[in-house]
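Chemist: sequence plus predicted model, see below.
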Amino acid sequence: MNKHRKTALSLAAAQAALLGSGLAIAQATPAPAAVPAQPPQQLETIVVSGRRAALESAQKIKQNSDEIVDSIVADDIGKLPDQSVTEVLQRVVGVTIDRTMAKNDPEHYSVEGSSVNIRGLSYVRSEVNGRDTFSANGGRALNFEDVPPELLAAVDVYKNPSASQIEGSIGGLVNLRTAMPFDHPGFKGHITVAGKYNELQGKFSPSASGLLSNSWNTDIGKVGALLSLAQSKSTTRTDLWQVEPYYKIDNTHWAPKGAQWRDSNFERNRNGLYGALQWKKDDLSSSLTYFQSKYKMQWDENALFAQTNPWNLVLGSDTKYDDNKVFVGGTLTSPADGGVNFGADTRYMTRNSRTQDLGWNLAWKASDRWSFSTDLQWVKSNTRAFDSTVATGLLMPKETLDLTGSTPRLVFDASDLAALHDKANYYWAFTMEHLDRSKAEQKAWRADAKFNFDHAVLQDLSFGIRLTDRKATTTATVPGYFWSPITQSWASWLYGGNLARLNDPRFDAPVVLHEFKNFFGGQSVPSIYVPHVSLAQDYPASYRTLHGYPETLCAAANGAGAWQCSQSWAGMAWNPASFGTDPAGTNEQHEKSQAAYAQLRFDFTDSGAPVDGNLGVRAVRTDMKANGYVVFNNRAVQLNPDETLSGVAVPNIANFSAPISAGQTYTDVLPSLNLRYKASDTLQFRAAAGMGVSRPDFSDMQAYTSMELTTTQHTVGKQVVIDAVNLSGTANGNPLLKPIKSTQVDLTAEWYFAKNGSLTFALFNKQLKDIIVRQSASVVLRDADNQPVNFTVTSPVNGAKGHARGFEIAFQRYFDMLPGWMSGLGMQANYTYVDSKTKPYDPVTTPFCAGTSTGPENLNLNINGCDTDGRTFGNLPLTNLSKNAYNLALLYDWGPFSARVAYSWRSKYLQGVNVNGTRNGDGRLADGTGVAYALPTWSDSYGQVDTGVSYRFSDRFSLSVEAQNLNNALARQLMQQNIGLMTRAVNYTGRRYSVQASYSF
């Protein structure tokens, strides 16, 4: 740990609110012993009160820290209507949040925010009270949206490393700090209740939190206990207009295959429990803490979506184009398909997560020179999810689009509306399921010592060790999302050209006429028939019923019995996706680490130079093991008894499935230097340099490789001629991945011109290497004659270098110089600029994609992205990185009245390259050859206004009213094509309000 952990942070604890109460509490005691590895130090006593204390506290943390750090204390957390730690963090300079529910599925919006980037990088590590913590999601960090902010006293964001910090945070480190019993002298209690209202849904949801804390002086020393509980429910809705990718349909004009809309309803229940025991007697102190967060989410969606073959579309005579011959409005028909094909689905998803963190700390100040501490921690996390979609199909005579406005629109005349409400036009189309479960557990122990020098320059030497043992297992369905047709127009020949239509009493699974009420806050879209949600919930029984419909059609059309039709249907018969039985869906990881560090603090002030800092080195040895399988399938041509084989020789390799245990050991040595020059009591400069690592996510390290042998051939009479032998494979992960490495330099200038006023500037440059990308490599198998056969296998590798560099500027202050009530005015503002670039060690430079696969083996498609005409993009930046981001908050605090209006904005950023929704295998090269495409998707620039007003009726009772997204912002998604950045989607979430009452005793 660093000096900040016991000085600046402990000062901040004095002002921390009672878990979101908005109250600042006076403190004159040392920092809690729960923060490991730091002996007590001399602290000044600060007594503060009121909301301004939050700004003063955060500023003091930044000014006194040995490292570059920004903090938000509990008063700030409760000041704005932030429903998760993720939203809290977006207020910090250099921090941006992503608003998609999953990185590989940017189609679905997250109202409360999801992942966090620091200075443009996603390599972020998380802690609770200085101890490493995580969620069981295949990654290494905590899902911040799972954590109730009501349980926290402060959030600290470290932006450069020191030797005493746990390794793994190239982008930055987020430390969540909870309150401790000794923070609150004697008995303290607090309770908060709140009600939230979602304007778009028209729904209320409640939340409540409470805290009890007490401390006693006893014969065995000072003893303290604290208990905090938090429960909250949140409901949100997202409405979506979406446009499909554009195709060069008639070799001249670019047009999308359609547009669509959906509404999604999200409900989250979050429960938090935190307890702490603290003891101190003479030179000994100890603490025991327990932190638990439970997260339960339910999400459902109804949608109308386009699924027409784009190459069968006919552009109507009313179609309008822009100057680049790009479709902007008109009518589409598809005579070859018997109509324009849509889908109407119902999707149901649940996720349950739980994280537990138990920590014990013991500290001993042996003398004026020596102090020691030891710390034990146990973390256990698990999550499970179920995702189910059932869809009907819909054939419409035509489709009329209007893409000229701020949101895309489908236009329906009377005949269209009649068709939408006619069950005879609907048919049972497909199902799709996904299940996953993950569990992770870590045990950690550390021991630290500090020696204080009696020297004019040398301050102290800290050193210590840390040992960890972590296991993680993730199991998912194979395939991950199992799409399976019920009846489809392209397969109707199997059952006499018919479809399982909704008006047919033989296919009477329940449906509902779904109304999109208050769509986009007032737009009018027609109702559609969608499957009843019970069909999605009752998997697999409901799926078996639906997938029995094709057999009924087959029997009716062919005069055959159901058994015979079942056999004819066998090639497409439905069975549930494998879950827990196929090794391809299981990822088992076991990681041990042993770290040692030494850090020297120095101060030249007494020698005439106002320079202090620390110099240190951290060495960590990592042992990784992963269990999995190597699978080979020989899919060579099968000859009939009267056929002969000629042409290229086919290696003779038998099918096999072999368990493997892959492992590696590596050591990283991480030096760091932090310097501070105090030009005056208010002006200081910092220089920091260091090396950092970020271990690969466990999801990238799965030990499962599948290879196959296939052939291309032609037939001459009774002779099968082999033209080529294809030897390829794909690795789900790579257990031999090394950490991503960073060499980084930071420079700051900091002017603290008032207790709550500062102007700071920071420059940073992070040079990255061994960035993880997908790449092909050669794997050798032996044939029956023991001869080597080389297979080309695609897997994640440490295959690129790059950089993230830029600057931050931040300003804050209350205008105390103004007279009277105007002195309550204040402002916070910050701005971040980040530039990034990646350069593969072995780049793919082919200007066109090839093949119709969207899988990981299509390297050009995955690295560079490809348009629907096969042209690649390349030169793409790091994902989730905005070049520009800023926050602006206007403050007012005068007497019992307080108000905030905050605006948070970030510029567009790349979400992903080969992601759900903007990829398919139906692109075409200029010569008509089929090709896969994957359009890079971007989140357009987005800014949101949040506000909060509170009134303190007494020292004990306060009331606040808050609002989110007051500007009713639209979140726009773009898709990159060679005709430009085209609108892919527009999300509307509406405004959200809350009323909160707090009482302290």
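Modeler: Alright, I've got the coordinates.
Chemist: from start to finish, how long is stretch 951-971 in a straight line?
Modeler: 33 Å (C-alpha to C-alpha, to the nearest Å).
Chemist: what stretches of the stretch 1-150 of the chain score poorly on pLDDT?
Modeler: 1-51, 75-81 (pLDDT under 70).
Chemist: go again with 80.
Modeler: 1-54, 74-84, 102-104, 138, 145-146 (pLDDT under 80).
Chemist: do the stretch 201-350 of the chain as well
Modeler: Counting by pLDDT under 80, the stretch 201-350 of the chain contains no low-confidence segment.
Chemist: before we move on, what about the chain?
Modeler: 1-54, 74-84, 102-104, 138, 145-146, 494-496, 557-573.
Chemist: what residues are up against N175?
Modeler: N175 is in contact with S126, E127, V128, N129, G130, V155, D156, V157, Y158, counting by C-beta atoms under 8 Å, 6 or more residues apart in numbering. Glycine gets a C-beta too; all of them are placed from N, C-alpha and C.
Chemist: going by distance to S164, which of these wins?
Modeler: Nearest to S164 among the contacts of N175 is G130, at 9.8 Å by C-beta to C-beta.
Chemist: now do the phi/psi pair for that closest one.
Modeler: Note on G130: backbone dihedrals following degrees, to the nearest 10 are phi 80, psi 10.
Chemist: just want the most central residue of the protein.
Modeler: S115 (3.6 Å; C-alpha atoms, centre = their mean).
Chemist: so who does it touch?
Modeler: Counting by C-beta under 8 Å, 6+ apart, S115 has contacts T86, I97, D98, K103, S122, N880.
Chemist: same thing with P796?
Modeler: Counted by C-beta under 8 Å, 6+ apart, P796 has contacts P696, D700, A731, G733, N734, L737, I772, V773, R774, Q775.
Chemist: on that earlier part again, and the furthest pair within the contacts of N175?
Modeler: Based on C-beta to C-beta, the longest span within the contacts of N175 runs between N129 and V157 and measures 15.2 Å.
Chemist: looking at those two, which is more packed in?
Modeler: N129 (25 against 22; other C-beta atoms under 10 Å).
Chemist: what does L535 show for phi and psi?
Modeler: Here L535 shows phi and psi, under degrees, to the nearest 10, equal to phi -70, psi -30.
Chemist: from A541, how far out is it?
Modeler: Using C-beta to C-beta, to the nearest Å, L535 is found at 10 Å from A541.
Chemist: the two: which has the busier surroundings?
Modeler: Between L535 and A541, counted using other C-beta under 10 Å, the more crowded position is L535 (25 against 8).
Chemist: contact partners for R805?
Modeler: By C-beta under 8 Å, 6+ apart, the neighbours of R805 are F764, N765, K766, V834, D835, S836.
Chemist: next: Q944.
Modeler: Contacts of Q944 by C-beta under 8 Å, 6+ apart are Y903, S904, W905, Q964, N965, N967, A969.
Chemist: on that earlier part again, out of the contacts of P796, which sit inside strands?
Modeler: Among the contacts of P796, DSSP state E puts A731, I772, V773, R774, Q775 in strands.
Chemist: out of these, who's nearest Q459?
Modeler: Closest to Q459, out of all of the ones in strands among the contacts of P796 and judged by C-beta to C-beta, is I772, at 39.6 Å.
Chemist: regarding V637, what is its secondary structure?
Modeler: coil (DSSP: H, G, I helix; E, B strand; the rest coil).
Chemist: could you report the separation of it from I68?
Modeler: For V637, the distance to I68 - C-beta to C-beta - is 63 Å.
Chemist: which one of the two is surrounded by more residues?
Modeler: Neighbour tally, V637 and I68, criterion other C-beta under 10 Å: the higher count belongs to I68, 24 against 16.
Chemist: closest one of the contacts of P796 to K296?
Modeler: Among these, and counting by C-beta to C-beta, the member closest to K296 is D700, at 27.7 Å.
Chemist: that closest one: neighbour count?
Modeler: The burial count for D700: 20, using other C-beta under 10 Å.
Chemist: ok, now L212?
Modeler: Neighbours of L212 (other C-beta under 10 Å): 18.
Chemist: where's it relative to H184, distance?
Modeler: Taken as C-beta to C-beta, the span from L212 to H184 is 10 Å.
Chemist: list residues touching both of the two?
Modeler: Common neighbours of L212 and H184 (C-beta under 8 Å, 6+ apart) are L226.
Chemist: does K62 lie in a helix or a strand, and which?
Modeler: Using DSSP states H and E, K62 sits in helix 52-64.
Chemist: alpha carbons only: can I get that helix in PDB?
Modeler: C-alpha atoms of helix 52-64 as PDB (Å, rounded to 0.1, in the frame of the first residue of the first chain):
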ATOM      1  CA  ARG A  52     -18.800  21.400   0.500                       C
ATOM      2  CA  ALA A  53     -16.800  19.000   2.700                       C
ATOM      3  CA  ALA A  54     -17.100  16.400   0.000                       C
ATOM      4  CA  LEU A  55     -15.200  18.600  -2.500                       C
ATOM      5  CA  GLU A  56     -12.600  19.600   0.100                       C
ATOM      6  CA  SER A  57     -12.100  15.900   1.100                       C
ATOM      7  CA  ALA A  58     -11.600  14.700  -2.500                       C
ATOM      8  CA  GLN A  59      -9.200  17.600  -3.200                       C
ATOM      9  CA  LYS A  60      -7.200  16.900  -0.100                       C
ATOM     10  CA  ILE A  61      -6.800  13.300  -1.200                       C
ATOM     11  CA  LYS A  62      -5.500  14.300  -4.600                       C
ATOM     12  CA  GLN A  63      -3.100  16.900  -3.100                       C
ATOM     13  CA  ASN A  64      -1.600  14.700  -0.400                       C
END
